[in-house]
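Undergrad: can't give you the sequence, but here's the structure:
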């Protein structure tokens, strides 16, 4: 059995973090590109995002294999074990974010021929900008082991939820105004829901970073401002 | 360090499987109850499902702690390691299924005052029945280490996807017929999407069971028949 030489183990953890940073970078990029494809109505760009998701899946597999190999060979304890488990957890959230970006790209492809209502696209644009900023910040918080920034990301998710609530209402109103808007609006509604879920996964990563650094979960109940599941928009005259 | 006595380790694995079986049982129960609350328009029952989800979250935490403790103390290798990693993965999918059931319950609460269109509820009922059957079968496949049944579950997910596609079209048509249906239909649309995602998590579990038993992933591309993301229902006259 190989010796647990500190330097070499640190190198392996460094390699793991490096892979996570790359995975996060691609997820960020794909999410931005997916929205760009939707906004510019460019099915070719949408197709590129769908293909690029393979790189995220491959990195997930790679990281998982490294983690299992490290646990089996190094048999890490305490902090080291917490580190590799955190890596595994963050990887799983990033893979889901990649899937959500891919789903937005598919929808972008489907509605590329239809012109969009400006205010709704502006609303989606603000949502995607905040989702990207949150994702970037939480990846930095992981790289720098910064629990305070993780808490900040966790708190700010409420803003994404609030934007989703408002877009949800807007899109339903738009559908009601004219049934011909329903096909398009449904895609935009699922797109907005995808962004809200990107925010949730980013929040999960923030919780993981906090636990990794401080060894305890974030106190307080998680702020959850998406209440559309229990909201019935009044549709009766 | 305690000796790796075979019997005691087997007991720990048995305890782990027992917790997964319980978690799966509650997830199944909650999903069925959530749909029942929706169908019977019973906000009280919906509320009970939402509260019952706490038991699933508590079991997830419990299983995670046991897995980490087992890895740290037992330092399992090869098959044993694969077993605890599979447990961790299945737990994560069951937790997500619990969340999806809870979300259906929230929507049931929101639309409890509104009467539903019969054909759509029948469509949802068939979908929930199949989703429950698949979930039950995959949990049995895990308990019995039955890779063939896991493959069957994996294949049959296409049927859930096909039902979702058909419901998706039906609900959009229903919205177009009368804008007053839009609020209700949006909830039913997200509810159907939740069931389609329950199917995806069940398929993930099937993949985990197969890998656990056979030591290799299921060959073939995964059958994926939900194409609503790239489908634009014709809404122009």
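TA: Yep, it's here. Nothing here was measured: the structure is a model prediction, and the numbers come from that model.

Undergrad: Enumerate the positions of the lengthiest helix in chain A that are buried.
TA: Among the segments of chain A that qualify as a helix by DSSP state H, the longest is helix A:6-40. Using 16 or more other C-beta atoms under 10 Å in any protein chain shown as the burial criterion, the residues of helix A:6-40 that qualify are A:9, A:12-13, A:16-17, A:19-20, A:22-24, A:26-38. Where you see a C-beta, it was placed from the backbone N, CA and C, and this is true even at glycine.

Undergrad: which element follows that helix toward the C-terminus?
TA: From helix A:6-40 onward toward the C-terminus, using DSSP states H and E, the following helix or strand is helix A:43-74.

Undergrad: Could you identify the helix or strand that succeeds that next one?
TA: Remark: after helix A:43-74, the chain's next helix or strand is helix A:78-110, criterion DSSP H and E.

Undergrad: and that next one, what does it pack onto?
TA: helix A:6-40, helix A:43-74, helix A:182-214, helix B:43-74 (3 or more C-beta pairs under 8 Å, 6 or more residues apart in numbering or on different chains; DSSP states H and E).

Undergrad: ok, how many other residues are close to residue A:165?
TA: Using other C-beta atoms under 10 Å in any protein chain shown, residue A:165 has 17 neighbouring residues.

Undergrad: Skipping its backbone neighbours, what lies nearest it in space?
TA: residue A:228 (5.8 Å; C-beta to C-beta, 6 or more residues apart in numbering or on different chains).

Undergrad: That neighbour contacts residue A:168, doesn't it?
TA: Yes. With contacts counted by C-beta atoms under 8 Å, residue A:228 reaches residue A:168, the gap being 4.7 Å.

Undergrad: between the two, which one's more packed in?
TA: Counted by other C-beta under 10 Å, residue A:228 and residue A:168 do not tie: residue A:228 has more neighbours, with 24 against 21.

Undergrad: And the pLDDT for the more buried one?
TA: According to the prediction, residue A:228 has pLDDT 83.

Undergrad: who's in contact with it?
TA: Listed by C-beta atoms under 8 Å, 6 or more residues apart in numbering or on different chains, the contact partners of residue A:228 are A:164, A:165, A:168.

Undergrad: from those, which single one is nearest residue B:51?
TA: Nearest to residue B:51 out of the contacts of residue A:228 is residue A:165 (C-beta to C-beta; 23.6 Å).

Undergrad: does the closest one really touch residue A:229, like I thought?
TA: No. Contact criterion C-beta under 8 Å: residue A:165 and residue A:229 do not qualify, at 10.6 Å.

Undergrad: burial of residue A:186, as a residue count?
TA: Around residue A:186 there are 25 residues (other C-beta under 10 Å).

Undergrad: what sits up against stretch A:38-46?
TA: For stretch A:38-46, contacts defined as C-beta under 8 Å, 6+ apart pick out A:33-34, A:36-37, A:104-109, A:111-116, A:121, A:124-125, A:191.

Undergrad: hang on, the earlier thing: Throw the contacts of residue A:228 into CSV and include pLDDT and secondary structure, thanks.
TA: Shown next, in CSV, are those (pLDDT from 0 to 100; DSSP: H, G, I helix; E, B strand; the rest coil):
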residue, pLDDT, secondary structure
A:164, 96, helix
A:165, 95, helix
A:168, 94, helix
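
Undergrad: wait, residue A:196 sits on residue A:159?
TA: No. Shown here, residue A:196 and residue A:159 do not form a contact pair, counting by C-beta under 8 Å, at 11.1 Å.

Undergrad: Please say which of those two ends up with more neighbours.
TA: Shown here are residue A:196 and residue A:159; by other C-beta under 10 Å, residue A:196 has more neighbours (23 against 16).

Undergrad: Show me which residues of stretch A:47-61 are buried.
TA: By 16+ other C-beta under 10 Å, the buried positions in stretch A:47-61 come out as A:49, A:50, A:52, A:53, A:55, A:56, A:59, A:60.

Undergrad: From chain B, how far off is the last one?
TA: Per C-beta to the nearest C-beta, to the nearest Å, residue A:60 is found 12 Å from chain B.

Undergrad: now do the fifth one
TA: For residue A:55, the distance to chain B under the criterion C-beta to the nearest C-beta works out to 18 Å.

Undergrad: Ok, residue A:141 next?
TA: Taken as C-beta to the nearest C-beta, the span from residue A:141 to chain B is 22 Å.

Undergrad: residues contacting the nearest residue to that residue once chain neighbours are set aside?
TA: Leaving aside its chain neighbours, residue A:141 sits nearest to residue A:149 (4.0 Å; criterion: C-beta to C-beta, 6+ apart). Residue A:149 makes contacts with A:137, A:138, A:140, A:141, as judged by C-beta under 8 Å, 6+ apart.

Undergrad: Just give me the closest of the contacts of residue A:228 to chain B.
TA: residue A:168 (8.3 Å; C-beta to the nearest C-beta).

Undergrad: how far away is that closest one from residue A:193?
TA: 8 Å (C-beta to C-beta, to the nearest Å).

Undergrad: what's the answer for residue A:14, then?
TA: 37 Å.

Undergrad: ditto for residue A:157
TA: 15 Å.

Undergrad: For the two, indicate the residue with more neighbours.
TA: Comparing residue A:157 with residue A:193 by other C-beta under 10 Å, the one with more neighbours is residue A:157, at 24 against 19.

Undergrad: give the contact list for the more buried one.
TA: Counting by C-beta under 8 Å, 6+ apart, residue A:157 has contacts A:134, A:199, A:200, A:202, A:203, A:223.

Undergrad: Could you report the neighbour count for residue A:140?
TA: Residue A:140: 16 surrounding residues under other C-beta under 10 Å.

Undergrad: before we move on, back to that, the contacts of stretch A:38-46, buried ones only, as a PyMOL selection?
TA: For the buried members of the contacts of stretch A:38-46, the matching PyMOL selection, counting by 16+ other C-beta under 10 Å, is:
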select buried, chain A and resi 33+34+36+37+104+105+106+107+108+109+111+112+116+124+191
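
Undergrad: hang on, the earlier thing: next one: the residue nearest to residue A:141 from residue A:140, what distance?
TA: Distance from residue A:149 to residue A:140, by C-beta to C-beta: 7 Å.
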